[in-house]
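> give me coordinates for this.
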Amino acid sequence: VLYKAEYFTARGYVFVSINYRLSPDVKHPLAAQDVADALVWLHENARHYSADPEKMFMIGHSAGAHLAALVSIDQKYLEKSGGSLSILDGVVLLDGTGYDIAQLMKNAGNKMKEWYTESFGQTKKDWDQASPVNFIKSESNIPPFMIAYADEEEPSKKQSMLLSEKLSEADRKSTRLN
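Just a heads-up that it's a prediction; the model follows:
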């Protein structure tokens, strides 16, 4: 985990780590928009860093996986930034949750409920707006996904399997790894 940049750059990739504003200072959808803004900027400026803008992949871990999924499925974020889903060639999600927040909240413990309501709001409508599974459409330009979760850790496994199934139902490419 500590050597992500070194791992990729040693293999000839250009590696960029982006940041986004965090809760409780901001609420949804600002963090997702921060990610989209950064992706569009990177796409527009890739050649300045010896990168190929036609070969962009996004990797997210944990909360970053949720944001990566949301931004690469719900096209409104990239469009608001002046881009489109077509700038992404693939998405890798590692141990994410929050792909279906309403479903997740049904069995969430008190601490998880506190975190999610602090970040996404208190109503099912709020949670649905922040849940990538609700924006999967077969006619969209959703890039291919690789979805990974560690061992049998819950709720990451259930959420990852759900997202993979929804992508498959819409004839979108996804690979699930355990």
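> nearest the geometric middle of the protein, what residue?
Ala68 (1.7 Å; C-alpha atoms, centre = their mean).
> tell me if I'm right that it and Leu93 touch.
Yes - judged on C-beta atoms under 8 Å, Ala68 makes contact with Leu93 at a distance of 6.0 Å. Every C-beta, even on glycine, is put in place using the N, C-alpha and C of the backbone.
> shared neighbours of these two, anything?
59-60 (C-beta atoms under 8 Å, 6 or more residues apart in numbering).
> okay, now the unreliable bits of the chain?
Applying pLDDT under 70 to the chain picks out residues 1-2, 153, 176-178.
> residues near Val133, how many?
21 (other C-beta atoms under 10 Å).
> gap between it and Ser72?
As defined by C-beta to C-beta, to the nearest Å, Val133 lies at a distance of 13 Å from Ser72.
> again with Tyr3
25 Å.
> please say which of those two ends up with more neighbours.
Taking neighbours as other C-beta under 10 Å, Tyr3 and Ser72 compare with Ser72 leading, 28 against 8.
> and the more buried one, what element?
Element membership of Ser72, judged by DSSP states H and E, is helix 63-73.
> now the element after that helix, going C-ward?
Trace forward from helix 63-73 with DSSP H and E and the next one is helix 76-80.
> in this structure Ala46 contacts Leu39, no?
No - Ala46 lies out of contact with Leu39 (C-beta under 8 Å); the separation is 10.5 Å.
> so what sits against both of the two?
Here Ala46 and Leu39 have Met56 as joint contacts, going by C-beta under 8 Å, 6+ apart.
> those two: who's more crowded?
Taking neighbours as other C-beta under 10 Å, Ala46 and Leu39 compare with Leu39 leading, 23 against 18.
> contacting residues for that one?
Neighbours of Leu39 in contact, by C-beta under 8 Å, 6+ apart: 18, 56, 58, 71, 78, 81, 83, 87-88.
> repeat the analysis, applying 7 Å as the threshold.
By C-beta atoms under 7 Å, 6 or more residues apart in numbering, Leu39 lies in contact with 58, 71, 78, 83, 87.
> for the residues you listed, could you give me a markdown table that also reports neighbour count and distance to Gln122?
A markdown table is the format used below for the contacts of Leu39 (neighbours: other C-beta atoms under 10 Å; distance: C-beta to C-beta, whole Å):
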| residue | neighbour count | distance to Gln122 |
| --- | --- | --- |
| Met58 | 25 | 29 |
| Val71 | 31 | 23 |
| Leu78 | 23 | 27 |
| Gly83 | 21 | 31 |
| Ile87 | 21 | 34 |
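> cool, thanks, signing off.
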